[in-house]
Structure formats: C-alpha cells, structure tokens
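S.K.: How does the following fold in three dimensions:
(one chain, ligands or ions: 1)
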Amino acid sequence: VARRGARIEVIATGTSPEGDGLAEADGLDLLVPDLLAGERAVVGVEHVGRRRVGGAVVKLLRPHPERRRPPCPRRHPCGGCPLMIATPVGQAEMKRQMLAAHGIVVDRVVRLEHELGYRWSSKRVVGGRPGRVVLGSWQRGSHRLADMDGCLVDHPDIEACWRELAAAASELGIEPYDEGARRGDLRYAWARTDGRGAVLITLVTAARQTRVRELASRLRRPSGVASCVQAGHGSSLRGGDVEILGGAGSVVVELCGERVELGPLGFLQPNPPCAELAYHDLVSAPWLPERGSLAYDLYAGAGLTTRLLRRRFDRVLACEAYAESARALEVEPSTAEAFLADHGGEQPDLVVANPPRAGLGVEVCAAIGKLRPRWLHVMSCHPASMARDLERLRAAGFRLLGARAYDTLPQTAHIEVVVWLARQGLE
Ligand SMILES: C[S@@+](CC[C@H](N)C(=O)[O-])C[C@H]1O[C@@H](n2cnc3c(N)ncnc32)[C@H](O)[C@@H]1O
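M.R.: Have a look, this model is predicted:
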C-alpha cells in the first residue's frame, strides 16, 4: 500500500517527463528515480501526495538489459542526467515508448554518436562562499546547490571555461549571490560555444555595482565575456543592462549551412548538430513543391527556419513574440494568435510551427484549421502538449503523415518531435 515507509514490489511501465521510472501504487502514479521502464524492483515509499507517490529503489530484482554503470561519478546529487543508467540505445527506446504512451508513433528516434560533451549552451547557478566559489545547479525541487565541476555533458571548451571562472572568482573573493538573503554579487553564468573553440560567457548579477568587470579581466579562455543584471525573483537568466566586458560580444554558430549570430542573451539549441537534423526535417519533406509561393513560420525565434524556408518559398512570413528576436527578423513582435487573426486572408502552402512547451493550444489550432494550408509541420519538445494539439488538429481537418523524434539531450528524458500533417482531402 502507498504509505510512507512501506515497501512494495513494482514493475516500471514507463518513464516520467522528469526521467523517473513510472509505476503504480494504489491507483496513483509512483515515481521512482533510477528505475528504468520494464525493470522490476522493491521500492520504499518516501512521499505520498494527492495524485503522486514518490519512492526509491531498495532492491533491483530484474534490471533492464540496457542498464549500465553511469559514466558520471557526480550524477548524484546533480540529478541532471536521470537516464544515464541506460545505454544510449536503451535511452532512445525509452523515449520512443514515452511518445507512444502519448499516442505519438515515430518512424525512428534520431540520435548522434556523441552522448557526452554535446552541450553547446550551458547554465550555472553560482554558490559556495567567497574564496570557494562553486558553479552548479539546483538539486531537483530544492534550492540546494549541486557542484557540477567536471560535468560530462557540457562541451569540453565550456567545461574548461567553467573551471577557469570558478578558480578566478574564488581567487578574487567574489561573493556568490545568496537567494535567501538576496545579497551577494555573482548569481548565474551562461556559456555558449560555436563548437570550434569560441565561447561566450554571460555573467549574471543581481545588482549594477559589482566586481564582474574585474573578474572578466582575469578570464583567458572565453572568446568573449558579457554581463547582465537580473534582480528579479525567478530563475530566469535573462536580465537587463547587458554589457560586453571583454573580447567578442557574440558567437557565430553554423546551423544547416546558415550563420546564426548569438549575443549575450541569445537562445541556442543545446545540441546544434542533432537539432540541425530536426530543423532540416521541419522545413523539408518529399511532398513539398520544389518552389512554393507562401509559407508561414510561427514561433520563429532567431529566424533559422525562416531563412531555410526562404530557400524554397517566394514569400515567408515570420511570427515571433519575443521583442529581441522579432527585431532580428525585422518584424513587429506578435503572438501566433494575433498573427493568425491578421493573416487569415491568404492561404499558405505550408505552415511551420515550433511552439514553446505549452504547445499551440486551442486558439492557434482552430486558426490554422480555418487557414487551411496544404501542409503543416510542427516541432515540439513536450509530448503531452503535442498529443493534445494533434487531437485538435485532426478535428480541425488535418491528417498525420508521419512523425520523427530527435534525441537532442542524451542522458535526460527530453525529446524533440517533428510531425508532418496535410490538409484532409489533399492527395
Ligand atoms: C521553442 S522556441 C522556437 C524558436 C525557433 N523556431 C527555434 O527553433 O530556435 C519558441 C519560440 O516561440 C516564441 N513564443 C512564445 N510564445 C509565443 C506566442 N504566443 N506567439 C509567438 N511566439 C511565441 C518564443 O519567444 C520562442 O522564440
């Protein structure tokens, strides 16, 4: 029974979005870290909520054939790589099953050989104390910091910059920001690399008057160092007062043959070589005409998909709500909802959409249904919201042509999916 302290034997039937093994206890979801789908184990119940029960493996009775010794010795307590206890092949299979549990059947899960050192964009919370600065991440569900020194999934050039930053900040006696007391200097750091040696570091502080300039002058490894001020409560790194403190103020990443320039707060897919394959499939498919007349790019971000679509379509209209990205696209910032309300008159051949985790939602699905493009290609990082959108899009007159998944973040439960749809009745 699902009582705190009880021990129960379970078989994990799936993987939760956080990467825990998913089983059942008294009709409730039982979440068990370090338990893989298909494994049988004795689990100790640690927490009983209204809808979920949390447990820990006491004894593993039947391990998964793809279980392995995880390569990272610091996996606990960081918790960032919950699936590292399975081989990459096993992880891909678990992700395929996660999608199938949402009714999304993919033809394959695309993955690259590099399961480590793949992150080209990485963030750190700054903690520790003056003289012993630690760069880490919050342990799951807490404000306790886990030291991430030696992280295996970060690109080696970024990892080298983190080491230099922690050492220089310690030497200088920089005071880490204390979230509880709301006092201190350095709060977060964010690194992005072009994969060819250049690394741009953004140092985030909570106040204007700080010692980050002095800190930046000590750093030799990054190609550029910038700062920004984020005084707000949440955990967002993006703040105001952006300043270039030294070196180059941007990195240029080549994606799908296009140069994408990233400033101190620019978004970069963490694993560009894998994401590139997803972007390619998002904008191209065998059914598309060699030359089309009109395409819409919803949630266009920095504009990579817009540029790729322009190779094939005479006119591409981009829509993006975030002001800085919209400026780079040379459009007025607009939500997809407002954009579709304004652009209902023409019928595009193709609509491409890459929404945030919440998905397209009721209004956008209905508006695309009214627009009746011949094809609709959607990319999503959230299987549950994509499953809901697919239902709505079917009801709005689209049929599914296919789906493919991309394991852009090995070791985590994250998965990107591209689905291709066509207007019903279309040959
Ligand atoms: C998953 S990102 C995709 C960005 C880009 N297509 C890419 O792949 O890099 C989602 C984008 O949607 C934007 N966004 C969020 N809500 C939006 C909305 N309601 N309408 C339009 N854009 C929105 C965000 O600013 C972000 O750039």
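S.K.: Show me what from this protein comes close to the ligand.
M.R.: Selection of the chain residues close to the ligand by C-beta under 6 Å from any ligand atom yields 299-302, 304-305, 319-322, 325, 335-336, 354-356. (Each C-beta comes from the backbone N, C-alpha and C, glycine too.)
S.K.: Which residue does this protein have closest to the ligand?
M.R.: Nearest residue of the chain to the ligand (C-beta to the nearest ligand atom) works out as Gly301 at 2.5 Å.
S.K.: Now do the same contact list for that residue.
M.R.: 267, 320, 322, 325, 354 (C-beta atoms under 8 Å, 6 or more residues apart in numbering).
S.K.: which one of these is nearest Ile8?
M.R.: Within these, the smallest distance to Ile8 is 41.3 Å, found for Asn354 (C-beta to C-beta).
S.K.: Tell me the pLDDT of that closest one.
M.R.: If you check Asn354, the pLDDT there is 96.
S.K.: repeat for Asp297
M.R.: pLDDT, read off for Asp297, is 98.
S.K.: buried residues in the helix or strand of the chain with the lowest mean pLDDT?
M.R.: Within the chain, no helix or strand scores below helix 75-78, which has a mean of 82 by mean pLDDT, DSSP states H and E. Under the neighbour-count criterion of 16 or more other C-beta atoms under 10 Å, helix 75-78 has 75, 78 buried.
S.K.: Just the helices from the stretch 101-250 of the chain, written as ranges.
M.R.: All helices of the stretch 101-250 of the chain, identified by DSSP state H, counting those that start in this stretch, fall at 156-172, 212-218.
S.K.: follow-up on the earlier one: which residues are in contact with the least confident helix or strand of the chain?
M.R.: Contacts of helix 75-78 (C-beta under 8 Å, 6+ apart): 81, 84, 136-137, 139, 144, 146-148, 151.
S.K.: what do you get for stretch 113-124?
M.R.: Contacts for stretch 113-124 (C-beta under 8 Å, 6+ apart): 71, 88, 112, 135-137, 148, 151-156, 158-159, 162, 188-195, 237, 253, 267-274, 410-411.
S.K.: Send me it as PDB with only the CA atoms.
M.R.: Taking C-alpha atoms only, stretch 113-124 is exported to PDB below (Å, rounded to 0.1, in the frame of the first residue of the first chain):
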ATOM      1  CA  GLU A 113      27.100   9.100 -31.600                       C
ATOM      2  CA  HIS A 114      28.200  11.800 -29.100                       C
ATOM      3  CA  GLU A 115      26.400  11.000 -25.900                       C
ATOM      4  CA  LEU A 116      28.800  13.200 -23.800                       C
ATOM      5  CA  GLY A 117      30.300  16.600 -24.400                       C
ATOM      6  CA  TYR A 118      27.400  17.600 -26.600                       C
ATOM      7  CA  ARG A 119      26.000  20.700 -24.800                       C
ATOM      8  CA  TRP A 120      26.900  23.900 -26.700                       C
ATOM      9  CA  SER A 121      24.800  26.000 -24.300                       C
ATOM     10  CA  SER A 122      25.000  25.600 -20.600                       C
ATOM     11  CA  LYS A 123      24.000  27.500 -17.500                       C
ATOM     12  CA  ARG A 124      25.300  27.500 -14.000                       C
END
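S.K.: How far away from the center of its chain is it?
M.R.: 12 Å (C-alpha atoms, centre = their mean, to the nearest Å).
S.K.: Mind listing what's buried along it?
M.R.: Quick answer for stretch 113-124 (16+ other C-beta under 10 Å): 115-116, 118-124.
S.K.: One more: stretch 311-328?
M.R.: So, applying 16+ other C-beta under 10 Å, buried residues of stretch 311-328: 312-313, 316-321, 325-326, 328.
S.K.: gap between the two ends of it?
M.R.: 18 Å (C-alpha to C-alpha, to the nearest Å).
S.K.: shouldn't Val331 be in contact with Ala323?
M.R.: No. If you go by C-beta atoms under 8 Å, Val331 and Ala323 don't touch, sitting 10.6 Å apart.
S.K.: what do those two both touch?
M.R.: Joint contacts of Val331 and Ala323 (C-beta under 8 Å, 6+ apart) do not exist.
S.K.: taking the contacts of helix 75-78 one by one, which sit in strands?
M.R.: Mapping the contacts of helix 75-78 onto strands (DSSP state E) picks out 136-137, 146-147.
S.K.: State the pair within the residues you listed that is farthest apart.
M.R.: Ser137 and Asp147 (9.1 Å).
S.K.: Which one of those two is surrounded by more residues?
M.R.: Ser137 (19 against 16; other C-beta atoms under 10 Å).
S.K.: pretty sure the more buried one is touching His143, no?
M.R.: No. Ser137 is beyond contact range of His143, at 11.0 Å (criterion: C-beta under 8 Å).
S.K.: Please name the nearest non-neighbouring residue to Cys365.
M.R.: Arg392 (3.7 Å; C-beta to C-beta, 6 or more residues apart in numbering).
S.K.: Contacts only, for the one you found.
M.R.: 360, 362, 365-366.
S.K.: go on, Arg238?
M.R.: Arg238 sits in contact with 228, 230, 265, where contact means C-beta under 8 Å, 6+ apart.
S.K.: Work out for me the element the last one sits within.
M.R.: The reference is to Leu265. Here Leu265 sits in a region with no helix or strand, counting by DSSP states H and E.
S.K.: Pretty sure it sits against Val229.
M.R.: No. Using C-beta under 8 Å, Leu265 makes no contact with Val229, being 11.7 Å away.
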